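Student: model this:
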Amino acid sequence: MTLIEALEQVIDSCWKLERVGSEWLMQEPNSTHSELRITAGKSFGFSLDKSGNNAFPLFKQNSPLEGMNKKCDGIIVTESGQRTDVILIEMKAGKNAAKEAAKQIESANLLIQWLLGLLDLYEHFTGQVTVIGVVSLKPRKTPNRGTTKLSSGEIPKPGKSPSGIPLFVLQNHPKLKTRELLKHLEPAA
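Tutor: Numbering: from 1, shown residues only. The predicted structure is shown next:
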């Protein structure tokens, strides 16, 4: 069984991201960075950050312990050949928000490691997975001074999260192609 097949059987449909054509749509209606479109081939997308849904009913909603209810905006699982990648995505409005977003990526990584551990324990999925974090900063709506068009921005080389997963901080990317992102993880030939 693949990881996508396992997650389709485990994750309730209310947590699944909306798919529009070949793109996963991440939306935060009351945020200044309100939409991100992700193109991924064979994939499964879900979010625990759904308005009106309590992702962690075990925890008090107003716990005095900071971060216990933190989650990232979206999780995309992709498969290509023998490769399986889990992409943890957090959308933020400003450069200074990247540090807080990295904590939310770490929270999501802990959740994914727990899920992978359970799937492995019960032999539903025992394959190898690469986990990647993405902080998507709000795209500019106007061109930089001295230019006549918006630049879609290059995908930078990833840094590392505190737990060591590759962490991309993207600016001016209203659309994300997972294939382009994953190219930056491949060793140079």
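Student: Okay, now the sheet partners of the longest strand seen in the chain, with direction.
Tutor: The residue-count maximum for a strand in the chain (DSSP state E) belongs to strand 83-92. Each strand paired with strand 83-92, and its direction, by DSSP bridges: strand 74-80 (antiparallel), strand 130-137 (parallel).
Student: Next, please give the residue ranges for the helices of this protein.
Tutor: 3-10, 98-121, 178-183 (DSSP state H).
Student: Which of these sits closest to V20?
Tutor: Shortest distance between V20 and these, using C-beta to C-beta, is found for helix 178-183: 15.6 Å. To be clear about C-beta, it is placed using only N, CA and C from the backbone, and glycine gets the same treatment.
Student: May I have that closest one exported as PDB, CA atoms only?
Tutor: Output of helix 178-183 as PDB, limited to C-alpha atoms (Å, rounded to 0.1, in the frame of the first residue of the first chain):
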ATOM      1  CA  THR A 178       6.100  20.600  -6.200                       C
ATOM      2  CA  ARG A 179       8.200  19.200  -9.100                       C
ATOM      3  CA  GLU A 180      10.200  22.500  -9.200                       C
ATOM      4  CA  LEU A 181      10.600  22.400  -5.400                       C
ATOM      5  CA  LEU A 182      11.800  18.800  -5.300                       C
ATOM      6  CA  LYS A 183      14.500  19.600  -8.000                       C
END
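Student: That one - contacts with which helices or strands?
Tutor: Using 3 or more C-beta pairs under 8 Å, 6 or more residues apart in numbering; DSSP states H and E as the contact test, the elements touching helix 178-183 are strand 35-39, strand 74-80, strand 83-92, strand 130-137.
Student: Distance to I11, mean pLDDT and mean neighbour count for those - can I get that in a markdown table?
Tutor: Putting the helices and strands packed on helix 178-183 into a markdown table (distance: least, C-beta to C-beta, whole Å; pLDDT from 0 to 100; neighbours: other C-beta atoms under 10 Å) gives the following:
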| stretch | distance to I11 | mean pLDDT | mean neighbour count |
| --- | --- | --- | --- |
| strand 35-39 | 17 | 92 | 20 |
| strand 74-80 | 9 | 96 | 23 |
| strand 83-92 | 13 | 95 | 23 |
| strand 130-137 | 17 | 94 | 23 |
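Student: could you dump these to JSON lines with distance to N53?
Tutor: Converted to JSON lines, the helices and strands packed on helix 178-183 look like this (distance: least, C-beta to C-beta, whole Å):
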{"stretch": "strand 35-39", "distance to N53": "19"}
{"stretch": "strand 74-80", "distance to N53": "14"}
{"stretch": "strand 83-92", "distance to N53": "18"}
{"stretch": "strand 130-137", "distance to N53": "22"}
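Student: Nearest to V169, out of these?
Tutor: Between the helices and strands packed on helix 178-183, strand 130-137 lies closest to V169; by C-beta to C-beta that is 4.7 Å.
Student: Pull the residues that contact that closest one.
Tutor: The contact list for strand 130-137 (C-beta atoms under 8 Å, 6 or more residues apart in numbering) reads 33, 36, 83-95, 97-98, 101-102, 105-106, 108-109, 112-113, 158, 161, 165-173, 176, 181-182, 185.
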